[in-house]
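Asker: Predicted coordinates and the sequence they were generated for:
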Amino acid sequence: MSILADVARIAGVSKSTASRALSGRGYVSTETRRRVETAAAELGYVVSSTAASLVTGRTRNVGVVIPYINRWYFAEVLEGIEKALIRSGYDLTLYRLSMDTELRRRVFDYFLVRKRVDAVIAVTIALSTHEVQMLQALGKPLAGIGGRIAGIPSLSIDDVETARLATEHLISLGHTRIMHVGGDQSEQMDFRVHSSRYDGFKRAVADAGLTLDDDFREAEFSVPGGYQVGLSLLGDPRQRPTAIFAGCDEIAIGIMIAARQLGISVPQDLSIIGIDNHPMAEMFGLTTLAQQPGSQGDRAVEFLIHQIENLDAPTPDEHVVLPTRLIVRQSTAARREP
């Protein structure tokens, strides 16, 4: 008797049902799948992924293209993707893309096309029409995170609106000398996140009728980046704002550390707000606009699984704008009269 037959006997199901439960091919109830997996674990039985692939034509492997893996936002998105894929019985192959156009061409024209992946998730990578059409022609479902991509389901926050809300919070507290510390406007990732957040800042300032001669400083999206800008900006009382909207929480935290070193009190002398709700935000008492990168990864996997299970249906061309939430902590306060 085969090991699969033993698994079926222990689980109290037919051999074909046990095969479906372990391969992921065909419908099996959650309870039945659990019994079969428990029986297989007891016997040390593992389904050959290669054999299952030959039968189903699927690899149960998803390719993820991403520009960074060592930055908080991207690591959180990746963790959300991984958890959701594991729950659905899929593996993950990671492709980190740089600004190198030749590397990008090789990844899309060779690895994603010729290697065995069932689907692709692009994280803050604006897929071109050619890339989308090439992968769709091969029957590979796609999903995007970070901005709208024509022809495939995608999701993002509204960076302009989120930045506007952050700036309006500072203005509502009576601040008129406000500055945005954000990413390099000339070197941006796809979807132009840096300039979108600066645009949202400027819209809020204009709507409030404020005129700011000096309203922007460039910083790397990191705690050290915010710290370096904070030292140079806050060290000169003549240019010092009373409030700062930081392009991300890590920049904001770096500025807070610099302010503390310079003897500037937050929020009595300086109010600071960021975007993200980074794990360190609560510890630093940072007011922020919270987004949920892990949930973004989870949602992208939902898009893919729906397409994989409905390959004959038209690809949904939709873009979901996810909400952000203002969390007020101790880093912002009403402007103190001079």
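Answerer: Done, it's in.
Asker: Look at Ala208 and say how many residues are nearby.
Answerer: Neighbour count for Ala208, taken as other C-beta atoms under 10 Å: 15. (Each C-beta comes from the backbone N, C-alpha and C, glycine too.)
Asker: Got phi/psi on it?
Answerer: Dihedral pair for Ala208: phi -80, psi 0, per degrees, to the nearest 10.
Asker: ditto for Ile66
Answerer: phi -150, psi 140.
Asker: Now it: closest residue in space that isn't a chain neighbour?
Answerer: Val123 (4.2 Å; C-beta to C-beta, 6 or more residues apart in numbering).
Asker: Tell me how far the one you found lies from Ala300.
Answerer: As judged by C-beta to C-beta, to the nearest Å, Val123 and Ala300 stand 8 Å apart.
Asker: More neighbours: which of the two?
Answerer: Shown here are Val123 and Ala300; by other C-beta under 10 Å, Ala300 has more neighbours (29 against 26).
Asker: what about the strands in the stretch 201-338 of the chain?
Answerer: Secondary structure of the stretch 201-338 of the chain (DSSP state E, counting those that start in this stretch): strands located at 216-218, 243-246, 271-276, 287-290, 319-322, 325-327.
Asker: With respect to burial, which of the ones you listed scores highest?
Answerer: Most buried of the strands of the stretch 201-338 of the chain, by mean neighbour count (mean count of other C-beta atoms under 10 Å): strand 243-246, with a mean of 31.
Asker: ok, that one: who's next to it in the sheet?
Answerer: strand 178-182 (parallel), strand 271-276 (parallel) (DSSP bridges).
Asker: what's next to it, contact-wise?
Answerer: Strand 243-246 has contacts (C-beta atoms under 8 Å, 6 or more residues apart in numbering) with 163, 166-167, 170, 173, 175, 177-182, 201, 219, 226, 252, 255, 270-275, 332, 335.
Asker: Excluding chain neighbours, what is closest to Thr93?
Answerer: The nearest residue in space to Thr93 (C-beta to C-beta, 6+ apart) is Gly63, at 5.1 Å.
Asker: so the one you found sits right up against Ala119, yeah?
Answerer: Yes. Using C-beta atoms under 8 Å, Gly63 and Ala119 qualify as a contacting pair, with a distance of 7.3 Å.
Asker: related to what we said a few turns ago, spit out the residues that contact Val123 and Ala300 alike.
Answerer: 81, 145.
Asker: Quickly list the domain ranges of the chain.
Answerer: Structurally, the chain divides into domains by automatic domain parsing as follows: 3-56, 61-156+293-322, 159-291.
Asker: residue boundaries of the helices in the stretch 1-150 of the chain?
Answerer: 3-11, 15-23, 30-43, 49-56, 72-87, 101-106, 112-114, 129-137 (DSSP state H, counting those that start in this stretch).
Asker: which one of those helices lies closest to Ser265?
Answerer: helix 72-87 (26.8 Å; C-beta to C-beta).
Asker: relative to strand 271-276, how tilted is the closest one?
Answerer: Relative orientation of helix 72-87 versus strand 271-276 (axes from the mean of the first three to the mean of the last three C-alpha atoms, to 10 degrees): 30 degrees.
Asker: Alpha carbons of helix 72-87, as CSV, please.
Answerer: Only the C-alpha atoms of helix 72-87 are listed here, as CSV (Å, rounded to 0.1, in the frame of the first residue of the first chain):
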residue,chain,number,x,y,z
TRP,A,72,10.8,49.2,6.8
TYR,A,73,7.9,49.8,4.4
PHE,A,74,9.1,47.2,1.9
ALA,A,75,10.0,44.7,4.6
GLU,A,76,6.4,45.0,6.0
VAL,A,77,4.8,44.6,2.6
LEU,A,78,6.9,41.6,1.9
GLU,A,79,6.0,40.0,5.2
GLY,A,80,2.3,40.5,4.5
ILE,A,81,2.7,38.9,1.1
GLU,A,82,4.7,36.0,2.4
LYS,A,83,2.2,35.2,5.2
ALA,A,84,-0.8,35.4,2.8
LEU,A,85,1.0,33.2,0.2
ILE,A,86,1.9,30.6,2.9
ARG,A,87,-1.8,30.5,4.0
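Asker: Check which helices and strands that helix sits against.
Answerer: With contacts taken as 3 or more C-beta pairs under 8 Å, 6 or more residues apart in numbering; DSSP states H and E, helix 72-87 sits against strand 61-66, strand 91-96, strand 119-123, helix 293-309.
Asker: Please work out which of those is packed deepest.
Answerer: Among those, highest average neighbours (mean count of other C-beta under 10 Å) belong to strand 119-123, with a mean of 26.
Asker: Neighbouring strands of that one in the sheet, and parallel or not?
Answerer: strand 61-66 (parallel), strand 142-145 (parallel).
Asker: Same list as before, those strands that is, but in a markdown table and with mean pLDDT included.
Answerer: Formatted as a markdown table, the strands paired with strand 119-123 follow (pLDDT from 0 to 100):
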| stretch | mean pLDDT |
| --- | --- |
| strand 61-66 | 92 |
| strand 142-145 | 96 |
